[in-house]
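**Student:** Okay, structure incoming, though there's no sequence with it:
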């Protein structure tokens, strides 16, 4: 019997990357991240849900907290915008 493999999107929303690659492994809460980024928690929730894009300001804030760079987050958003949106 074949088992069904779960399909991961090739170009997921950056919010999924934020959640699965950064927040969950490092036990970051939405409220903690909101405070660190100095943005409302509802925006963090929207980003994670894929209902809010990563703009330059958020990319800069994420970069400083996550130890990445702006291009990382903006590149994820660009890939999603070009290939991931349904």
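**Tutor:** That came in fine, so what should we check first? Note that the structure is predicted; figures quoted are calculated from it, not measured. Numbers count the residues shown, from 1 in each chain.
**Student:** name the element the residue positioned nearest the centre of the chain belongs to?
**Tutor:** Centroid check for the chain by CA atoms, centre = their mean gives residue 15 as the closest residue, at 2.4 Å. According to DSSP states H and E, residue 15 maps onto helix 14-17.
**Student:** ok, and what's touching that helix?
**Tutor:** With CB atoms under 8 Å, 6 or more residues apart in numbering as the test, helix 14-17 has contacts from 9, 46-50, 52-54, 73, 76-77, 80. Every residue, glycine included, has its C-beta placed from N, CA and C.
**Student:** Quick one: those residues as JSON lines, columns for neighbour count too.
**Tutor:** Listed next are these as JSON lines, based on neighbours: other CB atoms under 10 Å:
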{"residue": "9", "neighbour count": "12"}
{"residue": "46", "neighbour count": "14"}
{"residue": "47", "neighbour count": "24"}
{"residue": "48", "neighbour count": "20"}
{"residue": "49", "neighbour count": "12"}
{"residue": "50", "neighbour count": "16"}
{"residue": "52", "neighbour count": "18"}
{"residue": "53", "neighbour count": "16"}
{"residue": "54", "neighbour count": "24"}
{"residue": "73", "neighbour count": "23"}
{"residue": "76", "neighbour count": "22"}
{"residue": "77", "neighbour count": "21"}
{"residue": "80", "neighbour count": "22"}
